[in-house]
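Participant: no sequence on this one, just coordinates:
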């Protein structure tokens, strides 16, 4: 299967340092342009700091998502909080727009850059294990649509 995607970061509309200058309307306009240009997939780099609207607006415009989550090499709790935030945004968007989400979670951006930080394979593996325990897909009928479901606990209730 062939598909066309784009990597996206919302900081192009401003000369201010991130996350300043990013607006919800700007992200929405970008997603509209991306969709109108024939792209069907998007890869993002974060879920906060100006990126908090990416999942919502990509879902609104029907884009399939690979959501980037920053990993903190010194604090697994911060990494896990980013994973929780990403999954919460996905659940909210799925329910808001009544859409099926095909969500890929990309854990760790630029983890091979030793000039920024040093990550061990174990740190990224542990984050992936955490994410795997927190996620699942189950059918939930709302207006005859199957939606991504996540309750924030990893418990299937």
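Facilitator: Yep, it's here. Since this is a predicted model, take the numbers as computed values, not measurements.

Participant: spit out the contact partners of the residue nearest the centre of the chain.
Facilitator: By C-alpha atoms, centre = their mean, the chain has its centre lying nearest to residue 67, at 2.7 Å. By C-beta atoms under 8 Å, 6 or more residues apart in numbering, the contact set of residue 67 is 44, 47, 54, 55, 86, 89, 90, 103, 104, 105, 106. All C-beta atoms are positioned from the backbone trio N, CA, C, and that covers glycine.

Participant: quick one: end-to-end length of stretch 88-106, please.
Facilitator: Terminal residues of stretch 88-106 lie 15 Å apart, using C-alpha to C-alpha, to the nearest Å.

Participant: quick one: the spatially closest residue to residue 76 that is not a sequence neighbour from residue 135, how far?
Facilitator: For residue 76, ignoring the flanking residues on the chain, the nearest one in space by C-beta to C-beta, 6 or more residues apart in numbering is residue 126 at 6.3 Å. Residue 126 sits 15 Å away from residue 135, going by C-beta to C-beta, to the nearest Å.

Participant: check this protein for its longest helix and report it.
Facilitator: In the chain, taking DSSP state H as the definition, the longest helix is helix 76-97.

Participant: quick one: buried residues of it?
Facilitator: Neighbour counts over helix 76-97 (16 or more other C-beta atoms under 10 Å) mark 79-80, 82-87, 89-91, 93-95, 97 as buried.

Participant: show me which of these is closest to residue 117.
Facilitator: residue 79 (11.8 Å; C-beta to C-beta).

Participant: wait, doesn't that closest one sit right on residue 47?
Facilitator: No. Between residue 79 and residue 47 there is no contact, the gap being 11.8 Å when judged by C-beta atoms under 8 Å.

Participant: now for those two: what residues contact both?
Facilitator: Joint contacts of residue 79 and residue 47 (C-beta under 8 Å, 6+ apart) are residue 69.
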